[in-house]
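A.B. asks: got a structure for you, letters missing:
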Ligand SMILES: *Cc1c(COP(=O)(O)O)cnc(C)c1O
């Protein structure tokens, strides 16, 4: 190496989502004012190319045009002919170079084995570092992904293979994020549970498996994309340093690296988010705090003595935006921009590094997935329901076997809770979820209760044979069109303080009789339009006054918020805080609760054991707070009926359109009005053939209506041979798809 060495840096874009090149250049300049620095990037739009820190710039052909081998060879020759060392700023470029020029002494890159260790979700790296890994899954498609999201209370991240992480809180965001990650990176998404806590980073430099230095950083400001904008820099504690020494040694790490993790607020557990095989963009912040890792790395790799000692300017850093003169390469290359109507995913779409193109080129093409066999139990259920095809299409089909097994499961759950808590436990089926007489009859014959939200539903249940004491009445409109009675209910739950006052009046006049009368409790911290929020002091006082004026007989407390939306953990937390305050309120008015009713919104995929243990936990909390109880109730709706019906349809047309390949069917979102809340699995049958399940993909089934959004199912791969006249069966259509379906265009 010459005595005035050169360093080549790639990835020099400076924007809201910057690459580290410019920060590396500044740190190296601080150590060696006369060092020669050359910048390398893949588009003239990379703004750092204009920075005065650079003595020379190289704009390489974009990844879409060039032969990857030739691109790597060209880069190596730039580095060799300058007698330089190279520090990468782009993950995928680094991985490619490691593969194409392994062990090259001038390329300060981790070896291939290190890339394997840090590949997301980074389990090996996490175990070396003593960190946990958040629950995760690779998404095969929307069915898988929606299932994972619901299990984690719809607080998850959809991550690209190396870059990009999108926060997701609902089904529409999930669909969008999966499509965007696949279109951008060409690869499947990694789904990860959101961990609430503070994000921290450790940055380090190493040569041949030896740690040259490291420090910690806590983000104190982030951009809307979650990128660091300001941070506090700190020394590394001894145990963390020891673990980092292990990681670096085991992987024979060379170059820069960053470990990003989050410490969960609730538990204090540190979870690994990712390990980056390069210095982070905020690297100069560490230098300013007195730890110049890029200089340590270059000094160790080249043997050049350093001119100045490391000096701490402060213990934290902030970013600023700065205008500088545009370099000659930039003139003409920067097309005028227009403001997009919606914010563009700036992190990805137009990033001058071209990483998305490279990622798509590096991702092997996957074979087109084929429809798969349907499991034998499902096959038998379908055979029993479709002995002959329905006399019309589309048609809703009831799977009696699924309904029976669902009722068995609910009976078993009651037994489990009763055995664990000693409190008699029953369920009340939510009629609004699907009021089909066949469903009501099956529930009646099991001896279970029903839960209704209107007088009309109550009458329907009476006609179906339910005695009044097996009917639970709730909701905000329970006295709408009330005929004046007298009428009897098993339980009545009041949705507001005024509803409580009106109900008390009706009880006093004898128009209504109820075994149990009580309050529906609102979740204290999750927004809901339903129930009484007793944690609000004013409401607390009003309820207490009402109960002092007119003491209820046997008091009940109802809590309902969809666990399928907020997750089981949050559900139990909300229930616990609501019931604790309610218990205090009842004590004050000299009353006690005899019955708790644990709502519905139980997701259909919940196993018997999971539902049983959730209800057991909640019942124990209730007994602890309220004292002994006469009865525990719960109110399954979709848990019982969602899988019990399907919609049978006929294919009218198969076409190639702007949304890709699609089958048009004679059903529509009028028959599947709940299409947006959960992805319906779709089975396909050619004439005379068996039903087969359609795999994930990017094709759709369109409905018969002239409405843009009549697309009951996207994210599928249609079979090669699908044709008009074939049949499709939309599964899991037995809950709100049934009760909310309407007549449209028929
Ligand atoms: C709607 C409703 C249910 C049933 O909800 P699902 O999501 O169908 O399980 C249960 N209890 C009450 C009070 C409801 O309003």
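C.D. replies: Yep, it's here. All values reported here derive from a predicted model rather than from experimental measurement.

A.B. asks: List the residues that contact the closest residue to residue 496 other than its chain neighbours.
C.D. replies: Leaving aside its chain neighbours, residue 496 sits nearest to residue 532 (6.3 Å; criterion: C-beta to C-beta, 6 or more residues apart in numbering). Any C-beta I mention is one placed from the backbone N, CA and C, and that applies to glycine too. Taking C-beta atoms under 8 Å, 6 or more residues apart in numbering, we find residue 532 in contact with 494-497, 500, 519-522, 539, 543.

A.B. asks: Return the closest of those residues with respect to residue 324.
C.D. replies: Of all those, residue 324 sits closest to residue 522, with 55.1 Å by C-beta to C-beta.

A.B. asks: Name the helix or strand for the residue of the stretch 1-150 of the chain found nearest the ligand, please.
C.D. replies: Closest approach between the stretch 1-150 of the chain and the ligand, counting by C-beta to the nearest ligand atom: residue 150, at 11.9 Å. Counting by DSSP states H and E, the element that carries residue 150 is helix 142-151.

A.B. asks: Who are the contact partners of the closest residue to the ligand within the stretch 351-500 of the chain?
C.D. replies: Closest contact between the stretch 351-500 of the chain and the ligand, by C-beta to the nearest ligand atom, is at residue 430 (3.3 Å). Counting by C-beta under 8 Å, 6+ apart, residue 430 touches 450-451, 600, 635-637.

A.B. asks: Return the subset of those residues lying in strands.
C.D. replies: If you go by DSSP state E, these have 450-451 in strands.

A.B. asks: so which of the contacts of residue 430 is the most crowded?
C.D. replies: Within the contacts of residue 430, neighbour counts (other C-beta atoms under 10 Å) peak at residue 451, which reaches 31 neighbours.

A.B. asks: correct me, but it touches residue 635?
C.D. replies: Yes: if you go by C-beta atoms under 8 Å, residue 451 and residue 635 touch, sitting 4.7 Å apart.

A.B. asks: what do those two both touch?
C.D. replies: With C-beta under 8 Å, 6+ apart, residue 451 and residue 635 have common neighbours 428-430, 472, 600.

A.B. asks: Check pLDDT for the residues you listed and point me to the minimum.
C.D. replies: Of all the shared contacts of residue 451 and residue 635, residue 600 has the smallest pLDDT value, namely 80.

A.B. asks: Those residues of the stretch 351-500 of the chain touching the ligand, which are they?
C.D. replies: Selection of the stretch 351-500 of the chain residues close to the ligand by C-beta under 6 Å from any ligand atom yields 430, 432-433, 451, 474.

A.B. asks: Could I get the contacting residues of residue 550?
C.D. replies: For residue 550, the contact set (C-beta under 8 Å, 6+ apart) comprises 504, 508.

A.B. asks: Ok, residue 138 next?
C.D. replies: Counting by C-beta under 8 Å, 6+ apart, residue 138 makes contact with 188-191.

A.B. asks: at 7 Å instead, please
C.D. replies: Contacts for residue 138 (C-beta atoms under 7 Å, 6 or more residues apart in numbering) come out as 188, 190.

A.B. asks: List phi and psi for it.
C.D. replies: phi -80, psi 130 (degrees, to the nearest 10).

A.B. asks: and it, what are its bridge partners?
C.D. replies: residue 190 (DSSP bridges).

A.B. asks: quick one: it and residue 280, what's the gap?
C.D. replies: Residue 138 sits 25 Å away from residue 280, taking C-beta to C-beta, to the nearest Å as the criterion.

A.B. asks: do the same with residue 606
C.D. replies: Using C-beta to C-beta, residue 606 is found at 41 Å from residue 280.

A.B. asks: and what of residue 710?
C.D. replies: Distance from residue 710 to residue 280, counting by C-beta to C-beta: 46 Å.

A.B. asks: Show me the domain layout of the chain.
C.D. replies: 6-125+197-362, 135-193, 374-396+642-739, 400-636 (automatic domain parsing).

A.B. asks: And the ones you listed: which comes nearest residue 368?
C.D. replies: Closest to residue 368 of these is domain 374-396+642-739 (C-beta to C-beta; 6.3 Å).

A.B. asks: avg pLDDT for that closest one?
C.D. replies: Rounded mean pLDDT across domain 374-396+642-739 is 94.

A.B. asks: likewise stretch 122-142?
C.D. replies: The model assigns stretch 122-142 a mean pLDDT of 94.

A.B. asks: buried residues in it?
C.D. replies: Buried residues in stretch 122-142, counted by 16 or more other C-beta atoms under 10 Å: 122, 124-126, 128-129, 131-134, 136-137, 139, 141-142.

A.B. asks: what's the following helix or strand after the helix holding residue 150?
C.D. replies: strand 156-159.

A.B. asks: which residues sit against the following helix or strand past that next one?
C.D. replies: Downstream of strand 156-159, the next assigned helix or strand under DSSP H and E is strand 165-168. Strand 165-168 is contacted by residues 149, 156-159, 174, 177, 194 when judged by C-beta under 7 Å, 6+ apart.
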